[in-house]
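A.B. asks: Kindly return the folded structure for what I paste below:
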Amino acid sequence: MPGDRVEDKTASCIQPSKDDALQAEYVQSMVKYATDNFQKLDTSGNGFINDKELDAGAAKATGKEREYLLALKSHVWELAKLSSDEWGPEWSGISRNDLARLGKLADWMPDDVAAANAVRRIGLAKWEQLSGGDNRIRHYLLDTGIARASLGSTPCELEELYLLRKRYYDASHSHGKVLSVAKEDLEDYPRAVRYGYRMIYQLSPGSK
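C.D. replies: Residues are numbered from 1 along each chain as shown. A predicted model of the protein is given here:
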């Protein structure tokens with residue numbers, strides 16, 4: 001799950017990209033605006049903001065505030081599913097809990113994606129040492145492979161290897177009923193992590 005993998009980033013070699021940091025910051029500002037103005041936007045007073053209420057709010061807003069509300073409207077029913085705060089289908093609209101969850105996703109995303117990129121990078125760069133010449137990094141040989149890969153590694157590479165060990169099961173797949181990591185798993189890992197934060201990218205202007 002998004003956020004489950006986020007590590008302490010103090011004095012880390014692994015830093016988020018500028019684009020990811022900016023997109024997360026944009027969504028955090030959006031969440032703050034919607035949260036601060038929730039009561040005003042929720043004209044029905046039912047604790048949810050639906051597409052019509054966002055449309056009405058956008059009609060009265062200007063600039064970035066209008067942009068925020070239109071972006072939320074375009075994904076209102078997806079956002080409504082971020083937290084389970086209704087009985088049955090999430091059809092009433094965006095709740096405060098949904099906004100809080102969106103804010104957490106925006107907070108986690110840059111570091112989580114940066115870590116996934118680091119796992120891919122070190123895994124491919126040290127593939128021969130990690131796999132022992134095999135076509136997989138086997139879970140029962142992981143520590144041996146990391147010990148080999150650690151020889152002559154820089155401090156930043158050691159940090160990335162530690163992260164690979166920590167995220168091994170997150171990046172692994174079953175190959176022939178045996179849990180392991182193949183090169184294609186490493187190649188795909190950042191994309192899979194980014195997918196968990198797709199709402200952040202979709203809400204951000206100029207998203208890729």
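A.B. asks: Could you list the domains of this protein?
C.D. replies: Domain ranges of the chain: 18-108, 110-195, per automatic domain parsing.
A.B. asks: Ends of the last one, what's the gap?
C.D. replies: Put plainly, it is domain 110-195. From its first residue to its last, domain 110-195 covers 13 Å (Cα to Cα, to the nearest Å).
A.B. asks: Just send the domains of the chain back as CSV, with mean neighbour count, distance to Y201 and mean pLDDT too.
C.D. replies: All C-beta atoms are positioned from the backbone trio N, CA, C, and that covers glycine. Formatted as CSV, the domains of the chain follow (neighbours: other Cβ atoms under 10 Å; distance: least, Cβ to Cβ, whole Å; pLDDT from 0 to 100):
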stretch, mean neighbour count, distance to Y201, mean pLDDT
domain 18-108, 17, 6, 92
domain 110-195, 17, 7, 95
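A.B. asks: Quick one: those domains as JSON lines, columns for distance to P2 too.
C.D. replies: JSON lines is the format used below for the domains of the chain (distance: least, Cβ to Cβ, whole Å):
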{"stretch": "domain 18-108", "distance to P2": "6"}
{"stretch": "domain 110-195", "distance to P2": "7"}
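A.B. asks: These: which one's closest to S204?
C.D. replies: S204 lies closest, by Cβ to Cβ, to one member of the domains of the chain: domain 18-108, at 3.8 Å.
A.B. asks: what's the next secondary structure element after the longest helix seen in the chain?
C.D. replies: The longest helix of the chain (DSSP state H) is helix 96-125. Using DSSP states H and E, the helix or strand that follows helix 96-125 in sequence is helix 127-131.
A.B. asks: Could the C-alpha coordinates of that next one be exported in CSV?
C.D. replies: This file holds the C-alpha atoms of helix 127-131, laid out as CSV (Å, rounded to 0.1, in the frame of the first residue of the first chain):
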residue,chain,number,x,y,z
TRP,A,127,22.8,-7.6,-10.8
GLU,A,128,25.6,-10.1,-11.2
GLN,A,129,26.7,-9.9,-7.6
LEU,A,130,23.1,-9.9,-6.3
SER,A,131,21.9,-12.8,-8.5
